[in-house]
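Q: below: sequence and its predicted model.
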Amino acid sequence: MKRSELNEMTLIELDVKLHDDMEALQNLRFQKSLQQLENPLQIKHIRKEIAQIKTVMHEFKLGVREEKGSK
């Protein structure tokens, strides 16, 4: 997911996406431990996306960022 797409999402959508990515990361780690993971770089991409989502959510919490409809 691109950074610009994250900027368009609401706080609730970000929370759902974060939950989905955390589950995906856990599944990828299981696959890695069983040597069934085809592309190990997927773990890196998911971790990066989780960090980006957490950053945007933290910006909402600090008040740096506002939801689009609340202006």
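A: Looks like it came in fine. Everything numeric in this text was worked out from a predicted model, so none of it was measured.

Q: going along the chain, name the helices of the protein.
A: Applying DSSP state H to the chain gives helices spanning 3-8, 11-33, 41-62.

Q: okay, which residue is most central for the protein?
A: Centroid-nearest residue in the chain, with Cα atoms, centre = their mean: residue 50, separated by 3.2 Å.

Q: show me the contacts for the nearest residue to it once chain neighbours are set aside.
A: Nearest in space to residue 50, with sequence neighbours left out and distances taken as Cβ to Cβ, 6 or more residues apart in numbering, is residue 21 at 5.0 Å. All C-beta spots, glycine's among them, are computed from the backbone N, C-alpha and C. Contacts of residue 21 were listed using Cβ atoms under 8 Å, 6 or more residues apart in numbering, and they are 46, 49-50, 53.

Q: let's go with 6 Å and repeat that
A: Shown in contact with residue 21 (Cβ atoms under 6 Å, 6 or more residues apart in numbering): 46, 49-50.

Q: from residue 35, how far off is it?
A: Distance of residue 21 to residue 35, computed by Cβ to Cβ, to the nearest Å: 23 Å.

Q: with residue 47 instead?
A: In terms of Cβ to Cβ, residue 47 sits 20 Å off from residue 35.

Q: which one's more surrounded, the two?
A: Using other Cβ atoms under 10 Å as the criterion, residue 47 and residue 35 rank with residue 47 on top: 13 against 6.

Q: quick check: pLDDT value at the nearest residue to the more buried one once chain neighbours are set aside.
A: Excluding the flanking residues, the one nearest residue 47 by Cβ to Cβ, 6+ apart is residue 25, at 6.7 Å. Residue 25 is assigned 97 on the pLDDT scale.

Q: residue 25 and residue 44 touch, don't they?
A: No - if you go by Cβ atoms under 6 Å, residue 25 and residue 44 don't touch, sitting 10.4 Å apart.
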